[in-house]
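1. Could you work out the structure for the sequence below:
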Amino acid sequence: MAPRLLSARAQWDWAASYGHDGNAWVEILEGREDDFIRLSSSFDPRTYLGRGTVLQRDIRSMPIAAASDAMASYMSEASPFSPNGAWGSKTSLNTSAYGTQPIHMYVVDSTHPRAVSQIWNATAIETPPLEVETYMRGPVPMADWMVPAQNGDRGLAIYDTGTGIMRELFMAQKNSSGQWTGGGGYSVAQPGLRNLAADNYALQQRRGLSNVAGMHNSLGFIGIGEALRGEITHALCFTASALRMRRDDGPTPLEGSPLISWPSRGSDGKLENYLPGGPQHAQGKVWNGGTITPTHGQWGRLKAEVDPDHNPRTGKPYPRFLRMIIRAAKTYGLVATDTNLWCHAFNAEQGRVWKHVYGMDPWATGGIIEQLYRDRYGNSEMAIHEFPWHMTEWAPIDWGRPSPDMNLRPGQIAPWFRDRPRPGWARAPDRG
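-> Got it, this is the predicted structure:
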């Protein structure tokens with residue numbers, strides 16, 4: 001029997017702590033211990049942290065790189081990435097219930113009186129020891145049920161509105177002392193994280209790297225709230241099968257200078273490993289296709305003539321979930337922020353918070369999203385394998401990069417200038 005609660009708020013708090021598991025109503029929250037965690041989708045337009053950032057920039061006037069057509073051809077050709085033994089779909093959807101689980105991002109408020117913490121003991125490349133101690137070690141607001149991705153890179157992101165610190169981990173693991181370890185990166189903005197458009201427009205990690213791009217790329221994933229509304233309102237941060245990570249200015253492909261495009265802070269596309277002189281090539285794993293590719297951080301979009309309601313191969317509309325992705329790729333664009341050496345993949349907001357609140361991951365078979373994207377005959381409309389990569393077009397390297405760019409990339413010792421280099425400071429590369 002339900003307890004006798006006098007106020008409407010008390011009645012709602014009690015009722016909200018129960019969910020239906022498909023068979024019966026079960027208690028899923030005890031009290032208010034999770035008040036310091038954002039329990040709704042982080043992609044609600046009213047609270048979306050990436051509002052006004054690079055992920056929502058206007059791409060209508062995006063310049064097109066001279067080699068854009070060759071890049072589009074490569075993107076279609078290189079997935080699945082056959083030299084690594086890949087097979088199956090050209091494009092996959094990674095969720096917390098399927099595939100390689102994407103970074104698990106949580107939004108918390110460390111200043112809330114009910115906030116609890118867990119201890120981090122992490123590292124960050126090319127970061128002064130004092131900053132590592134300050135931002136990557138010690139208590140971090142986390143409930144005990146908050147976990148990283150459970151396979152792949154075991155990515156974990158904790159965005160703290162109380163302090164403005166956005167922390168991320170790669171290969172997050174708990175050691176025998178109960179401390180979270182791994183390598184990561186971070187940035188610091190104003191408390192509340194309400195103005196990242198001004199504080200961190202490029203959504204870059206200021207120090208360290210927790211993913212190839214060194215960005216807070218989980219804000220470019222497909223949100224649960226977006227899937228339920230049927231509209232994505234930002235650029236798509238996707239995982240590429242393999243990309244170039246070096247320029248053609250060295251004696252061998254692996255000895256060229258780094259090929260990186262803003263807003264990425266790094267690149268690790270690994271294609272050079274499968275070209276002559278590369279370690280995988282020496283073992284018989286050879287890439288014989290095109291070698292003109294976009295790189296991490298390089299902005300792309302779908303051509304204007306792509307019609308989500310007409311797949312030229314079938315003469316029918318693309319599946320409904322893919323139509324939503326296509327519209328976003330035409331409106332806001334797409335950007336590679338990671339590599340998997342298998343196939344191109346779009347990534348989804350983790351469903352563990354939703355499961356904690358409602359009892360089931362919405363991305364799971366039978367979950368609310370999977371049920372929503374069924375046709376009238378019960379067939380799934382979530383297939384995305386026919387995303388038209390051959391119809392993409394790509395901006396020049398570093399499109400939109402500020403000059404000077406004061407956020408140093410790993411290995412960079414001075415701010416970057418496009419047109420007015422100063423003695424001892426970095427000059428922009430000539431490649432457009």
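2. Helix, strand, or coil at residue 353?
-> With DSSP: H, G, I helix; E, B strand; the rest coil as the basis, residue 353 sits in helix.
3. Does it touch residue 39 like I think?
-> Yes: taking Cβ atoms under 8 Å as the definition, residue 353 is a contact partner of residue 39 at 5.9 Å. Where C-beta positions appear, they are placed from N, C-alpha and C, glycine not excepted.
4. the more surrounded of these two?
-> Taking neighbours as other Cβ atoms under 10 Å, residue 353 and residue 39 compare with residue 353 leading, 26 against 15.
5. Break the protein into its domains for me.
-> 62-98+214-417, 104-210 (automatic domain parsing).
6. Switch those over to CSV; also include mean pLDDT.
-> Supplementary listing: the domains of the chain in CSV, determined by pLDDT from 0 to 100:
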stretch, mean pLDDT
domain 62-98+214-417, 95
domain 104-210, 96
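7. So which of these is nearest residue 47?
-> domain 104-210 (8.4 Å; Cβ to Cβ).
8. And the closest one, end to end?
-> 12 Å (Cα to Cα, to the nearest Å).
9. Distance from the chain centre to it, please.
-> Put simply, domain 104-210 sits 15 Å off its chain's centre (Cα atoms, centre = their mean, to the nearest Å).
10. possible to save the domains of the chain as TSV with distance to residue 48?
-> Formatted as TSV, these follow (distance: least, Cβ to Cβ, whole Å):
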stretch	distance to residue 48
domain 62-98+214-417	7
domain 104-210	10
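11. those helices in the stretch 101-250 of the chain, which residues are they?
-> According to DSSP state H, counting those that start in this stretch, the stretch 101-250 of the chain carries its helices in the segments 129-135, 196-199, 224-229.
12. Mean neighbour count and distance to residue 52 added to those helices, as JSON lines?
-> Below are these laid out as JSON lines (neighbours: other Cβ atoms under 10 Å; distance: least, Cβ to Cβ, whole Å):
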{"stretch": "helix 129-135", "mean neighbour count": "14", "distance to residue 52": "24"}
{"stretch": "helix 196-199", "mean neighbour count": "17", "distance to residue 52": "3"}
{"stretch": "helix 224-229", "mean neighbour count": "20", "distance to residue 52": "17"}
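13. Adding distance to residue 297, write the ones you listed out as a markdown table.
-> Converted to a markdown table, these look like this (distance: least, Cβ to Cβ, whole Å):
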| stretch | distance to residue 297 |
| --- | --- |
| helix 129-135 | 23 |
| helix 196-199 | 17 |
| helix 224-229 | 23 |
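14. Out of those, which is closest to residue 404?
-> The nearest among the helices of the stretch 101-250 of the chain, by Cβ to Cβ, is helix 196-199 at 17.4 Å.
15. can you list contacts of the closest one?
-> Contacts to helix 196-199, defined as Cβ atoms under 8 Å, 6 or more residues apart in numbering, come from residues 49, 50, 51, 52, 53, 164, 189, 190, 203.
16. let's go with 6 Å and repeat that
-> 49, 52, 53, 189, 190 (Cβ atoms under 6 Å, 6 or more residues apart in numbering).
17. these two touch, right, the third one and residue 202?
-> No: in this structure residue 53 lies outside contact range of residue 202 using Cβ atoms under 6 Å: 7.4 Å.
18. Good, wrapping up.
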